[in-house]
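Peer 1: can you look at this prediction? I've put the sequence above it.
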Amino acid sequence: QVQLVESGGGLVQAGGSLRLSCAASGRTNINYAVAWFRQAPGKERNFVAAIRSSGGSTYYADSVKGRFTISRDNAKNTVYLQMNSLKPEDTAVYYCAARYASLSVKGSDYAYWGQGTQVTVSS
């Protein structure tokens, strides 16, 4: 199995940027896809972005396309989410998740989850 730890969240003004990191440990020698999800208070968890094990294929939710970029450094076992042009509606707890298969936009397809990191965007 793989263990995930997110970092990089914080408070930022609208229009600003943040970079989230998701550090993996454990069985990282097996190909695994990683996705970011987010959950705002009182709302359901939503897909944000995903990346294949090779990093060659990515997928984004429409709400973040053009503003967020997912990438990975397999030598460091770390996946990043660069978030630019942040909006107040991006405020949420951001979670990274992993699965030993191709990428998916469904949270139920991911077996491994981090503890989450809070992102707050002020207007």
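Peer 2: In hand now; what should we look at? Numbers count the residues shown, from 1 in each chain.
Peer 1: need the nearest residue in space to Lys76, chain neighbours excluded.
Peer 2: Leaving aside its sequence neighbours, Lys76 sits nearest to Ala23 (CB to CB, 6 or more residues apart in numbering; 7.7 Å). C-beta: built from backbone N, CA, C; applies to glycine.
Peer 1: tell me the strands beside the host helix or strand of the one you found, with direction?
Peer 2: Element membership for Ala23, per DSSP states H and E: strand 18-26. Using DSSP bridges, the strands paired with strand 18-26 are strand 2-7 (antiparallel), strand 78-83 (antiparallel).
Peer 1: out of the ones you listed, which gets nearest to Ala111?
Peer 2: strand 2-7 (8.7 Å; CB to CB).
Peer 1: can I get the closest one in PDB, CA atoms only?
Peer 2: Provided in PDB are the C-alpha atoms of strand 2-7 (Å, rounded to 0.1, in the frame of the first residue of the first chain):
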ATOM      1  CA  VAL A   2       1.000   3.600  -0.300                       C
ATOM      2  CA  GLN A   3       0.900   6.400   2.300                       C
ATOM      3  CA  LEU A   4       0.200  10.000   1.300                       C
ATOM      4  CA  VAL A   5       0.900  13.300   3.000                       C
ATOM      5  CA  GLU A   6      -0.300  16.600   1.600                       C
ATOM      6  CA  SER A   7       1.300  20.000   2.300                       C
END
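Peer 1: can you give me the buried ones in that strand?
Peer 2: Val2, Leu4, Glu6 (16 or more other CB atoms under 10 Å).
Peer 1: next: stretch 99-106.
Peer 2: Neighbour counts over stretch 99-106 (16+ other CB under 10 Å) mark Arg99, Leu103, Ser104 as buried.
Peer 1: stretch 64-78 too?
Peer 2: Quick answer for stretch 64-78 (16+ other CB under 10 Å): Val64, Phe68, Thr69, Ile70, Arg72, Asn77, Thr78.
Peer 1: and the residues you listed, which two are the farthest apart?
Peer 2: Farthest pair in the buried residues of stretch 64-78, by CB to CB: Val64 and Asn77, 23.6 Å.
Peer 1: next SSE after the strand holding Ala23?
Peer 2: strand 33-39.
Peer 1: out of the buried residues of stretch 99-106, flag the one nearest to Trp36.
Peer 2: Using CB to CB, these come closest to Trp36 at Leu103, 11.2 Å.
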